[in-house]
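Peer 1: take a look and give me a structure for this.
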Amino acid sequence: MTTMTMTERNQQADGIGEAHARELWVSLASLLRSYTAAHGLNGTTQATVELSDDKIRVRCGQRWLSLTRRDGQIEGLTYQGASFRLRWSEAGDLLTETGDGLPMDLQAEQWSRELVA
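Peer 2: This next block holds a predicted model:
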């Protein structure tokens with residue numbers, strides 16, 4: 001009998017497995033690196049993006065974004081004190097708790113623009 005973690009069970013219930021979630025997580029960090037670099041081309045500061053199995057942290061000067069992957073969801077916190085929860089759809093879109101969402105690349109671009117502006 002195969003034992004699954006709670007994260008794996010939750011993600012499978014939503015139609016996305018752990019391996020798929022890991023790939024999307026790494027892709028999200030990569031998109032954040034690319035978009036923050038692009039937005040910073042005309043500026044004087046560059047963003048840093050730190051990636052681990054369960055955290056992504058993006059910093060640009062005094063602005064930052066922290067994302068934590070937990071139990072099939074992404075918990076976010078911003079330098080402005082805003083917190084939010086997202087989850088992935090099978091297609092890789094990031095969905096809010098109400099089911100609204102954006103494709104992952106558009107969400108990463110929006111966050112990057114806000115951090116590097």
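
Peer 1: what's the single longest helix in this structure?
Peer 2: Counting residues, the longest helix in the chain under DSSP state H turns out to be helix 18-39.

Peer 1: and the contacts of that one?
Peer 2: By Cβ atoms under 8 Å, 6 or more residues apart in numbering, the residues outside helix 18-39 that reach it are 5, 7-8, 11, 16, 46-47, 49, 51, 53, 56, 58, 60, 67, 69, 72, 88, 92, 104-105, 108-109, 111-113, 115-117. The C-beta positions use only the backbone N, C-alpha and C, and glycine is treated the same way.

Peer 1: so how do I select the buried members of the residues you listed in PyMOL?
Peer 2: The PyMOL selection below is limited to those of the contacts of helix 18-39 classed as buried (16 or more other Cβ atoms under 10 Å):
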select buried, resi 7+8+11+16+47+49+51+56+58+60+67+69+72+88+104+105+108+109+111+112+115+116
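
Peer 1: from the contacts of helix 18-39, which ones fall inside strands?
Peer 2: 49, 51, 56, 58, 60, 67, 69, 88 (DSSP state E).

Peer 1: with pLDDT and distance to residue 28 added, can I get those in CSV?
Peer 2: Converted to CSV, the ones in strands among the contacts of helix 18-39 look like this (pLDDT from 0 to 100; distance: Cβ to Cβ, whole Å):
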residue, pLDDT, distance to residue 28
49, 97, 10
51, 97, 9
56, 98, 7
58, 98, 10
60, 96, 17
67, 98, 8
69, 96, 9
88, 91, 9
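
Peer 1: report the two of those separated the most.
Peer 2: The distance between the two most remote of the ones in strands among the contacts of helix 18-39 (Cβ to Cβ) is 24.8 Å, for 60 and 88.

Peer 1: can you pull up the bridge partners for residue 78?
Peer 2: residue 65 (DSSP bridges).
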